[in-house]
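Asker: got a predicted model here, sequence first, then my questions.
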Number of protein chains: 2
Amino acid sequence: MSDGAPSTLMRIGALADKAGRTQRTLHFYEELGLLTPVGRTKGGFRLYDQDSLVRIHWITRLQDLGFSLPEIREFLEALRSAQSAPEMMQSLQSFYAQKRLDTQAQLSRLQALDEELVTALDYLSGCHTCAPATEKSACSGCETGGHADIVAPPLVAGVHDHPSSSMDS
Amino acid sequence: MSDGAPSTLMRIGALADKAGRTQRTLHFYEELGLLTPVGRTKGGFRLYDQDSLVRIHWITRLQDLGFSLPEIREFLEALRSAQSAPEMMQSLQSFYAQKRLDTQAQLSRLQALDEELVTALDYLSGCHTCAPATEKSACSGCETGGHADIVAPPLVAGVHDHPSSSMDS
DNA sequence: TATCACTCTTACGTTCACGTAAGGATTGAT
DNA sequence: ATCAATCCTTACGTGAACGTAAGAGTGATA
């Protein structure tokens, strides 16, 4: 655990490059308490190590999972206030377990929406049978053979124009 | 198609109630060109009909699908510029087809993240074997029996403290 | 020592999707 | 006519996650 090379220290530019984020982003993470440099040069330049990079990847992962940065911050604070290591890991565990529930809920929502998309596409595939010159206004009826009396699915029903014509005193 | 009751007209408050959104939201939709009242009273009150409600549901759906309001606006503009009905429907179709691809990509991303969560939870379940009083700082090593030499998964690796201690000249 | 890329802090700008408030006009019921 | 409820426009506020710029200091090299 104690390599003879603490020279892995880098300044913010290098870290930003390695992590693929901007310096501003890292400053911002620090403002939020998500990422603290391991030290500073006497002149005041931030210094980071390899763990900082890991931390950034971790943050990115959590963001992908749908966490907001303030949420991540809260979480880190909870961790910091933990007394023992197992307590800390329990924290992590219930945190992730909860998030897994959310993720799965999101998954089934997305799946439902995907099916809705399929339904809409199915319906629309019938539209090609319309005479190519059909006027848009005639489309509400559209009994030209395509979909006889099938009700337009929600994703299709919302698109009809009501332009600003035919409005007078 | 011509009911004897055009009295389905309503003002913004009623529509907002039925749609479960605020008046401000409907105003906002109008600013963006997403929803236009069918008319106004002589005094200037907005009037909406049943289609307006359908339109709002449609917008909501698209938002659920991950569209931003400006995107929806662009889309509606594309529709408005379509000449024939089939052209319009083709537009819709390719629009939704594209979105389905996105949705599926998002689905598999979520699934990957879910698996990552499972991995992290698996790993963490080994942590209970630590002596309950283990110090946090000792946890990086943590060879007390739990996970012998398994590498901490990304979702776990980012959480170790480097507090602001042990930093002096 | 001069130079120049790098970094510092401070602070205002931006997009999205509205929230909230102010001050005044409209509706419609009594 | 009056009055409460509803609605109008205008406009500034919010929070998330940074972007962008200004003006000045720092670090390593020539």
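Answerer: Received the coordinates, thanks.
Asker: without its sequence neighbours, what residue ends up closest to whichever residue of chain A sits closest to DNA strand C?
Answerer: Of the residues in chain A, the one nearest DNA strand C is A:Gly13, at a distance of 2.3 Å by Cβ to the nearest atom of the strand. Just so you know, the C-beta spots here come from the backbone N, C-alpha and C atoms, and that holds for glycine as well. Sequence neighbours aside, A:Gln23 is the residue nearest to A:Gly13 in space, at 6.5 Å (criterion: Cβ to Cβ, 6 or more residues apart in numbering or on different chains).
Asker: hmm, the one you found is touching A:Arg11, no?
Answerer: No - applying Cβ atoms under 8 Å as the test, A:Gln23 and A:Arg11 come out as separate, 9.6 Å apart.
Asker: so which residues on chain A come close to DNA strand C?
Answerer: Contacts of chain A with DNA strand C, taken as Cβ under 7 Å from any atom of the strand, map to A:11-14, A:23-24, A:27, A:44-46.
Asker: mind running it again at 10 Å?
Answerer: Applying Cβ under 10 Å from any atom of the strand, one finds that chain A approaches DNA strand C through A:10-17, A:23-24, A:26-28, A:30-31, A:37, A:40-41, A:43-48.
Asker: of those residues, buried ones?
Answerer: Neighbour counting over those (16 or more other Cβ atoms under 10 Å in any protein chain shown) leaves A:10, A:12, A:15-16, A:26, A:37, A:46-48 as the buried ones.
Asker: using JSON lines, lay out these together with pLDDT and distance to A:Asp114.
Answerer: As requested, those are arranged in JSON lines below (pLDDT from 0 to 100; distance: Cβ to Cβ, whole Å):
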{"residue": "A:Met10", "pLDDT": "97", "distance to A:Asp114": "43"}
{"residue": "A:Ile12", "pLDDT": "98", "distance to A:Asp114": "42"}
{"residue": "A:Leu15", "pLDDT": "98", "distance to A:Asp114": "39"}
{"residue": "A:Ala16", "pLDDT": "97", "distance to A:Asp114": "37"}
{"residue": "A:Leu26", "pLDDT": "98", "distance to A:Asp114": "37"}
{"residue": "A:Pro37", "pLDDT": "97", "distance to A:Asp114": "44"}
{"residue": "A:Arg46", "pLDDT": "98", "distance to A:Asp114": "45"}
{"residue": "A:Leu47", "pLDDT": "98", "distance to A:Asp114": "47"}
{"residue": "A:Tyr48", "pLDDT": "97", "distance to A:Asp114": "41"}
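Asker: and which of these is nearest to A:Gly66?
Answerer: Of all these, A:Gly66 sits closest to A:Leu26, with 21.7 Å by Cβ to Cβ.
Asker: report whether whichever helix in chain A runs longest contacts chain B.
Answerer: Criterion DSSP state H: the longest helix present in chain A is helix A:85-125. Yes - Helix A:85-125 reaches chain B (Cβ under 8 Å from any Cβ of the partner chain) through A:85-86, A:88-90, A:92-93, A:96-97, A:99-100, A:103-104, A:106-107, A:109-111, A:113-114, A:116-118, A:120-121, A:124-125.
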